[in-house]
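> I would like the atomic coordinates for the input below:
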Amino acid sequence: MIMKIQLRNRVDAYILNVEKALNQIDKSKLGDKEKKLIEIAEAYLSDAKYYFDKKDYETSLACVAYAEGLIDSLRYLGKINIFWEPLSKLLNRPKVLVAGGFEIIHPGHIYLFKKAWEKGRVYVVVARDKNFKKFKKREPVIPENQRLKVVENIKYVYKAVLGDEHDYLKPVENIKPDIILLGPDQWPQEEKLKKELEARGLSSVKVERLDKRIDENLYSVSRIIRKIVETHKCGQ
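Residues are numbered from 1 along each chain as shown. Now for the predicted structure:
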């Protein structure tokens with residue numbers, strides 16, 4: 001069992017390293033042949049994630065190794081300029097927790113996940129329908145299980161879970177993150193959250209907040225819903 005856990009963590013680190021390398025590549029500066037090799041590397045990475053989810057870590061490792069080799073060949077040929085993270089660093093990446101309703105995924109959500117991913121391994125807590133209704137004062141358009149399914153398939157997310165209907169900090173106790181990353185105007189306030197964490201013996205958890213929103217027009221669910229309503233009315 002210990003050997004399998006060690007293999008799982010190592011393969012996860014390899015996958016993360018390839019993801020980070022691919023994110024450094026500007027495809028617009030590549031020729032057609034180089035772009036094709038990157039597409040193949042991305043396909044191998046996708047296969048690696050698929051087998052990783054199936055707990056077939058040996059096959060996952062083989063796939064990610066192919067992806068790494070293709071990327072490295074382009075680097076050695078001087079076609080791309082990327083760097084690889086030390087494996088020891090990736091094996092000890094901090095856990096970063098993000099929470100929210102995530103009713104309709106938009107660029108603001110992706111920006112939050114990406115920033116969390118840059119800090120460490122991303123765990124997402126998706127609000128339960130009951131809690132969503134309590135805080136938003138309305139029923140969610142998308143039910144909790146579907147919202148969870150969408151979030152757990154976002155590439156920056158390592159693991160997504162549903163929240164607790166009675167105790168919003170229960171998932172924090174279970175996950176034991178190193179960092180909780182809040183959105184720019186997301187509830188709760190940092191100091192209040194820190195005190196609640198300290199009361200539960202989680203004083204080592206850092207609470208951080210993004211300092212700004214992404215520069216997009218439809219950066220919130222409420223704006224998207226208003227836009228849908230306006231467009232629908234205009235089309236009648």
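
> tell me which element the nearest residue to Ile105 once chain neighbours are set aside is part of?
Leaving out its chain neighbours, the residue that sits closest to Ile105 by C-beta to C-beta, 6 or more residues apart in numbering is Val150, at 5.8 Å. (Each C-beta comes from the backbone N, C-alpha and C, glycine too.) According to DSSP states H and E, Val150 maps onto helix 144-152.

> Break the protein into its domains for me.
Listed domain ranges for the chain are 2-88, 93-222 (source: automatic domain parsing).

> Reformat those as TSV; add mean pLDDT and distance to Glu230.
Formatted as TSV, the entries for the domains of the chain read as follows, by pLDDT from 0 to 100; distance: least, C-beta to C-beta, whole Å:
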stretch	mean pLDDT	distance to Glu230
domain 2-88	92	35
domain 93-222	89	12
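
> CSV for those, including mean neighbour count?
Formatted as CSV, the domains of the chain follow (neighbours: other C-beta atoms under 10 Å):
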stretch, mean neighbour count
domain 2-88, 15
domain 93-222, 17
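
> Export those as CSV, with columns for distance to Ile228.
Output for the domains of the chain, formatted as CSV (distance: least, C-beta to C-beta, whole Å):
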stretch, distance to Ile228
domain 2-88, 31
domain 93-222, 9
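
> CA atoms only: put the helix or strand where Phe135 lies into PDB for me.
In this assignment (DSSP H and E), Phe135 forms part of helix 129-136. As requested, C-alpha coordinates have been extracted for helix 129-136 and formatted as PDB (Å, rounded to 0.1, in the frame of the first residue of the first chain):
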ATOM      1  CA  ASP A 129     -27.800  23.200  -2.600                       C
ATOM      2  CA  LYS A 130     -29.100  23.800   0.900                       C
ATOM      3  CA  ASN A 131     -26.300  26.200   1.800                       C
ATOM      4  CA  PHE A 132     -26.500  27.800  -1.700                       C
ATOM      5  CA  LYS A 133     -30.100  28.700  -1.100                       C
ATOM      6  CA  LYS A 134     -29.300  30.000   2.400                       C
ATOM      7  CA  PHE A 135     -26.700  32.400   1.300                       C
ATOM      8  CA  LYS A 136     -27.900  33.300  -2.200                       C
END
